[in-house]
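Trainee: here is the input, now give the coordinates:
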Amino acid sequence: MELTAKFKLNDLQDSENIADLFKGDKGKEDLSKICLHVQSTFRTDKTSRQEWEKKMKAAEGLALQVTELKTYPFKKASNVKFPLLTIAAMQFQARAYSALVKAPDLVKYRVQGKDEDGKKAARADRISAHMSYQLLEEDEVWEEDHDKALMAVPILGCVFKKSYYDKTKGHNCSTLVLPKNLVVHYYAKSIEDTERKTEIIQLSPRAIKERQLRGIFSDFDLPNESIGEPKDTDKRQGITAPAEDVDSPRTLLEQHCYLDLDGDGYKEPYVVTVHKDTAKVYRIVSRFEKIKTEQSVKIEELQKRSKALAEGIQPVERPTPEDLANIQRAEQTLQGMKTEIEFLAQQKPKVLKIDPVEYYTKIPFIPSPDGGFYDLGFGTLLGPLNSSTNTLINQLI
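Mentor: Sure, this is the predicted structure:
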């Protein structure tokens, strides 16, 4: 995907919404290319995990004890669901929650290295107390989401926690993301190393408008959302969406990917938010902070050497001529390093690497033996046994 736009890295890093920087017909064409790229790669990743999705649907059906009308061997035949999978998940959740969540001291820091005066330990205690306050008091849904996570992870095999700063709420948030809503290529090595990951987000028109008013989203007219066929979760829970609802949530795709927006041939990490069914880009924002350049690597090395050299210069009460000569040589070397650092800082930076900021934390259950990204849960391991138990009970009845 080649784009005509070429922006400066500093402008990209500072922009609240990079999509607003695309101007004119060429800008619209570039945004259309980006949107089509997001939709295409999303479909590719979703196709790669089709078999996994089938297994997860079956596991959810067993866990939710869905009752269905049977027509074999006769109409309205017995259809008992033994809660084997549900019991296993509840037992895991009950044990794990009490072991992992120990309020009010949720966060604990470990002090490394010497701490003779206790300053490191005191600082660690302050950080621990503040972060525990953020999770328990500021983020009101953290406990509820973590409770849900520990119930879902043994059934589905893995869940994700998304940690980010929410500008609309004004504080850090940590939300639960189920694996069905975070689409990653099935054979990706890890959540950190994958080239892209796409979260399926449901936002109401009011929530989208709030983001548009704050300048977080581009200002587009919202398309009408078609209700379509009932979702699998709706069928399992016995609910039906209304025929028309102007306030129904809109489906957005938030893809964490890499794009080359400065035209140097090296892709930088960004978050692109698009409407799932239309070619509209609502937001593009950078997800990087530190840029590693050839100059910054050399400067960092020179700073380490100069610090070590400066610490090695010890004061001498009665210096000999040889001591004075050594000190003079060390000072000259330090001055040379300082001059070289200033020279490197003035050069045009040559980018070597840009480290992305990671938003998602994976909570795994049992690693998949086939090397797949999504882990195994009781839904896969106990599903066939649960189905056999259901069949035996129904035959006895």
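Trainee: just the buried positions in stretch 382-395, please.
Mentor: By 16 or more other Cβ atoms under 10 Å, the buried positions in stretch 382-395 come out as 382-383, 386-387, 389-390, 394. (Each C-beta comes from the backbone N, C-alpha and C, glycine too.)
Trainee: so where do the strands sit in this protein?
Mentor: 158-166, 171-177, 182-183, 197-203, 250-259, 268-275, 281-286, 288-293, 351-356, 360-364 (DSSP state E).
Trainee: give me the nearest residue to A152, chain neighbours excluded.
Mentor: V159 (5.1 Å; Cβ to Cβ, 6 or more residues apart in numbering).
Trainee: so what's that neighbour bridging to?
Mentor: V159 has these beta-bridge partners by DSSP bridges: I363.
Trainee: hmm, who's touching stretch 384-397?
Mentor: If you take Cβ atoms under 8 Å, 6 or more residues apart in numbering as the criterion, stretch 384-397 is touched by 62, 77-82, 84-85.
Trainee: among the residues you listed, name the buried ones.
Mentor: 62, 81-82, 84-85.
Trainee: so which of the buried residues of stretch 382-395 is the closest to Y374?
Mentor: Nearest to Y374 out of the buried residues of stretch 382-395 is G383 (Cβ to Cβ; 14.8 Å).
Trainee: surely that closest one meets M56?
Mentor: No. Counting by Cβ atoms under 8 Å, G383 sits too far from M56 to count as a contact (10.1 Å).
Trainee: hang on, the earlier thing: tabulate the buried ones among the contacts of stretch 384-397 (JSON lines), appending distance to P321.
Mentor: Listed next are those as JSON lines, based on distance: Cβ to Cβ, whole Å:
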{"residue": "L62", "distance to P321": "87"}
{"residue": "K81", "distance to P321": "93"}
{"residue": "F82", "distance to P321": "93"}
{"residue": "L84", "distance to P321": "87"}
{"residue": "L85", "distance to P321": "84"}
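Trainee: out of those, list just those in helices.
Mentor: 62, 84-85 (DSSP state H).
Trainee: hang on, the earlier thing: what's the burial count for the residue nearest to A152?
Mentor: 28 (other Cβ atoms under 10 Å).
Trainee: so it makes contact with K180?
Mentor: No. Counting by Cβ under 8 Å, K180 is not a contact partner of V159; they are 10.1 Å apart.
Trainee: how close does the residue nearest to Y270 when sequence neighbours are not counted sit to T41?
Mentor: Using Cβ to Cβ, 6+ apart and skipping residues adjacent in sequence, the residue nearest Y270 is L259, 5.3 Å away. Going from L259 to T41 by Cβ to Cβ, to the nearest Å gives 11 Å.
Trainee: same check on E143?
Mentor: Taking Cβ to Cβ, one finds E143 at 35 Å from T41.
Trainee: which one of the two has more residues nearby?
Mentor: T41 (19 against 15).
Trainee: what residues are up against the more buried one?
Mentor: 196, 198, 255, 257.
Trainee: please redo it, this time with the cut-off set to 10 Å
Mentor: Shown in contact with T41 (Cβ atoms under 10 Å, 6 or more residues apart in numbering): 1, 183, 185, 195-196, 198, 253, 255, 257.
Trainee: now pLDDT too, for those residues, in TSV please.
Mentor: Below are the contacts of T41 laid out as TSV (pLDDT from 0 to 100):
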residue	pLDDT
M1	76
V183	97
H185	96
E195	94
R196	96
T198	97
L253	96
Q255	97
C257	96
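Trainee: ok, which pair from those is furthest apart?
Mentor: So, the contacts of T41 by Cβ to Cβ: farthest apart are M1 and V183, at 19.1 Å.
Trainee: so for those two, which residue has more residues nearby?
Mentor: Using other Cβ under 10 Å, the more surrounded residue of M1 and V183 is V183, with 24 against 12.
Trainee: isn't the more buried one up against R43?
Mentor: Yes. When contacts are counted by Cβ atoms under 10 Å, V183 is listed as touching R43 (9.2 Å).
Trainee: where does the stretch 101-250 of the chain dip in pLDDT?
Mentor: Along the stretch 101-250 of the chain, segments meeting pLDDT under 70 span 223-244.
Trainee: 80 instead?
Mentor: 103, 168, 221-246 (pLDDT under 80).
Trainee: looks like P269 contacts P356 (just checking).
Mentor: Yes. Counting by Cβ under 10 Å, P269 touches P356, with 3.5 Å between them.
Trainee: now list whatever residues contact both of these two.
Mentor: With Cβ under 10 Å, 6+ apart as the test, P269 and P356 both reach 256-258, 286-288.
Trainee: one step back: check contacts around the residue nearest to A152.
Mentor: 145-146, 148-153, 176-179, 181-182, 361-365, 375, 377.
Trainee: filter these to the buried ones?
Mentor: By 16+ other Cβ under 10 Å, the contacts of V159 give 145-146, 149-153, 176-179, 182, 362-365, 375, 377 as buried.
Trainee: what subset of the shared contacts of P269 and P356 is buried?
Mentor: The neighbour-count test (16+ other Cβ under 10 Å) marks 256-257, 286-288 as buried among these.
Trainee: distance to K120 for these - can I get that in a markdown table?
Mentor: Converted to a markdown table, these look like this (distance: Cβ to Cβ, whole Å):
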| residue | distance to K120 |
| --- | --- |
| H256 | 34 |
| C257 | 39 |
| S286 | 33 |
| R287 | 31 |
| F288 | 29 |
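Trainee: ok, so of those, who is nearest E138?
Mentor: R287 (22.4 Å).
Trainee: so that closest one touches R196, yeah?
Mentor: No. Using Cβ under 10 Å, R287 is not in contact with R196; the gap is 11.8 Å.
Trainee: name the residues contacting each of those two.
Mentor: Contact criterion Cβ under 10 Å, 6+ apart; residues shared by R287 and R196: 256-258, 269.
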